[in-house]
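Trainee: structure of the sequence below:
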Amino acid sequence: MHTAFTKQQITGAGADIAVSSGGSGPPLLLLHGHPQTHMMWAKVASRLADRFTIIAADLRGYGASSKPESTADHAPYAKRAMAADMVAVMRELGHEQFFVVGHDRGARVTHRLCLDHPDKVKKAGVLDIAPTRHMYPNTNMDFATGYWHWFFLIQPYPLPEKIIGTDPKGFWMLKCGSGSAGLTPFAPEALEDYLRCYRDPATIHAICEDYRASSTIDLQHDDADFAAGQKVTCPLLVLWGANGQIAEWYDPITVWRHYADDVIGTSIEAGHYLAEEAPDAVTEQFIKFFGD
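Mentor: Numbers count the residues shown, from 1 in each chain. Okay, the predicted model is just below:
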């Protein structure tokens, strides 16, 4: 990321979390998606650092963060565990309350963080997702075809691990280059980081466990909260790509209002990788929402 950012390892809630931080102002935690690292925020972080203290973290299992051993119920890769990591990281950095934004998988961690730790999150943002609990039960042919990797990665060990492991770079390029913008959103240094990390068999296994958790224990947690009437209580910013599949399949604002009390948002002229395809537009939305 920008040279003003400092990299360090911080002990989370069962995993060591790689963090890049810098800037000044209110703390803003940025969480990446699959199959990426904190480098996906480089273009946005450099634009925000004069207004916010930016903390960009690698989720457990991804990037330079540690890859804990999993269990039969996939609990070490539940979004509850990933959210707890981030609370511990932010506390270690001196931030008992903070803003948080997540993209893709990181947005699912953000959702869980808001539910499990409402006293910690002042405002939150989610980029280009609908809630997991809404997506799986409403599976149709379009979703199963467009998000085929959701159903591939949850297959029992070691099927997806072995297939991806034969050509990690090829799989990454196929998966991430299939969006509306192809491979053009990815800066060379970010792409190098993604591919380097993805060559690690431990990362591939952890990513599969992340998805296996989403289809099992995460849904159990989400169902329990929904049945209890628990929603995100802090203000929530919802952004999605106008040229992406979330825009095609859902009305994101309407869907999220079933899961959060205070929702605003808009589409961005981009595909799935908003922060890399349209960093100026994303930065503008962040400053307007978190700067109020």
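Trainee: thought His221 was touching Lys79?
Mentor: Yes. The criterion here is Cβ atoms under 8 Å, and His221 meets it with Lys79 at 7.5 Å. The way it works is simple: take the backbone N, C-alpha and C, and place the C-beta from them, glycine included.
Trainee: anything in contact with each of the two?
Mentor: Common contact partners of His221 and Lys79 (Cβ atoms under 8 Å, 6 or more residues apart in numbering): Arg112.
Trainee: same drill for the two, tell me which one is more crowded.
Mentor: Lys79 (28 against 19; other Cβ atoms under 10 Å).
Trainee: all helices for the stretch 1-150 of the chain, in order.
Mentor: With DSSP state H, counting those that start in this stretch, the ranges of helices along the stretch 1-150 of the chain come out as 42-48, 79-92, 105-116, 132-135, 141-146, 148-153.
Trainee: where in the stretch 51-200 of the chain is pLDDT low?
Mentor: Nowhere does the stretch 51-200 of the chain drop to pLDDT under 70.
Trainee: let's go with 90 and repeat that
Mentor: Low-confidence segments of the stretch 51-200 of the chain, defined by pLDDT under 90, are located at 178-181.
Trainee: who's the closest spatial neighbour of the most centrally placed residue in the chain, skipping the chain neighbours?
Mentor: Compute the mean C-alpha point of the chain, and by Cα atoms, centre = their mean the closest residue is Gly106, 1.4 Å away. Among residues not flanking Gly106 along the chain, Leu31 sits closest, at 2.9 Å (Cβ to Cβ, 6 or more residues apart in numbering).
Trainee: ok, Glu277 next?
Mentor: In space, Glu277 is closest to Ala270, 3.8 Å off (Cβ to Cβ, 6+ apart).
Trainee: repeat that for His38.
Mentor: Using Cβ to Cβ, 6+ apart, the closest residue to His38 is Ala56 (3.9 Å).
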